[in-house]
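**Q** Got a predicted model here, sequence first, then my questions.
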Amino acid sequence: MGNALRSLYGKCCKPTTADESLGPHGVSAATVGVSALAHDLFNFEITSQVPEELGSYVVSSRKAQANWYRKMLDAWKQAKPPPQTAEEASRLIIDTLKRHQKADVEGLLTFYGLPLPHTLVNLSAEAPTSLPDGVLYELQTLPVDPKAVADGDTITVYVSTADPSVSSTVPKEVILASVKRAKARERKDYDKADELHKKITDSGYRILNIQNEEILARKFRIRLRGIDAPESQMPYGKEAQQELLKMVGKKSLRILVYGEDRYGRYVGDIYCNGRFVQEVMLKKGLAWHYVAYDKRTILAKWEKEARERRVGLWASSNPEKPWDWRRDRRQGNNQN
């Protein structure tokens, strides 16, 4: 048994508490997905038994199911690196069982709460090696606070003031307040330290603790260039926010800034671990191409692909556009 499978098994096999609902495979709802699959593969290697409840999701016999788990166990061990995300686990199952019945493959994926084949996307965009035309500057962010992902197209990020992109613009009073705060904390004058930190945050900066190191960082509100995600109160608004959070939460980002919008947000293209975030949002049907502000044909192409596959918000034949939704509510408020 590989260490990665043991690790995931351990995560999903903690005793459940009284208020935790159990998934179909006998583990807590919080562990459904990659960890649950790892749990069942680990159990299969020891007992040669498949989950009892799986038969309610698939059409083939128990003997056939055991054959699937044998194949998946071998594929998992050979994968380098092994699956870490729901999409990676889904692809492993699809590739391993590609000659099996569609109903069985989709039933198995549904059993583990993993993405179905038609919802998976193949990414094509690569992070540019040089700055494209129109880019004002590039930001390399600190890990993103999950609470800073407001919705499907806006996030708040922080960049260390040691970074060349911001180092020359830090106000002297912010640097001085940072030094005084550190000294106040040394002498345990926490009230003074908090007062100085408020001065720093009011100036658009913040002291972050990253791996036990305090870092002075500048705050940037980022609007994803070229897309418009559903508002939080709209259908798929929550799903869009969760998808963006899943991609960028606790990760450092590369952001190419093209300008500012009328709300003071920086408009930019975002790359995370080499993935172009806007491509993912469009191909998963969780955003529109914001053609009024961005004429890139590739964005229109990605939106069209999602429409044709009827994924995400395109499951509806005529989803309401977020700019129309905002306009209607502004007009309604003006009439009241």
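**A** Nice, I can see it. Numbering: from 1, shown residues only.
**Q** can you tell me how far the residue at the greatest distance from the centre of the chain sits from residue 208?
**A** Within the chain, residue 187 marks the point farthest from the mean C-alpha position, 40.6 Å out by C-alpha atoms, centre = their mean. Going from residue 187 to residue 208 by C-beta to C-beta, to the nearest Å gives 22 Å. For every residue, glycine as well, the C-beta is placed using N, CA and C.
**Q** Over to residue 98?
**A** For residue 98, the distance to residue 208 equals 45 Å [C-beta to C-beta].
**Q** more crowded one of these two?
**A** Ranked by neighbour count (other C-beta atoms under 10 Å), residue 98 and residue 208 place residue 208 first, with 15 against 9.
**Q** quick check: longest strand of this structure.
**A** In terms of residue count, the longest strand belonging to the chain (DSSP state E) is strand 213-224.
**Q** so for that one, what's the average pLDDT?
**A** Summarised as a single mean, pLDDT over strand 213-224 is 96.
**Q** what's the answer for stretch 54-72, then?
**A** 96.
**Q** One more: stretch 194-203?
**A** Average pLDDT, stretch 194-203: 96.
**Q** Dump the C-alpha coordinates for it into CSV.
**A** Presented in CSV, the C-alpha positions along stretch 194-203 are these (Å, rounded to 0.1, in the frame of the first residue of the first chain):
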residue,chain,number,x,y,z
ASP,A,194,-3.2,46.8,17.8
GLU,A,195,-3.5,50.6,17.4
LEU,A,196,-0.6,50.6,15.0
HIS,A,197,-1.9,47.6,13.1
LYS,A,198,-5.2,49.4,12.6
LYS,A,199,-3.2,52.3,11.1
ILE,A,200,-1.5,49.9,8.8
THR,A,201,-4.8,48.2,7.6
ASP,A,202,-6.5,51.6,7.2
SER,A,203,-3.7,52.4,4.7
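**Q** What lies in contact with it?
**A** Here stretch 194-203 makes contact (C-beta atoms under 8 Å, 6 or more residues apart in numbering) with 171, 173, 174, 177, 178, 180, 181, 184, 206, 207, 216.
**Q** for stretch 104-113, same thing?
**A** With contacts defined as C-beta under 8 Å, 6+ apart, stretch 104-113 is touched by 23-25, 32-33, 36-37, 51, 53-54, 57-60, 64, 68, 86, 89-90, 93-94, 97-98, 115-117.
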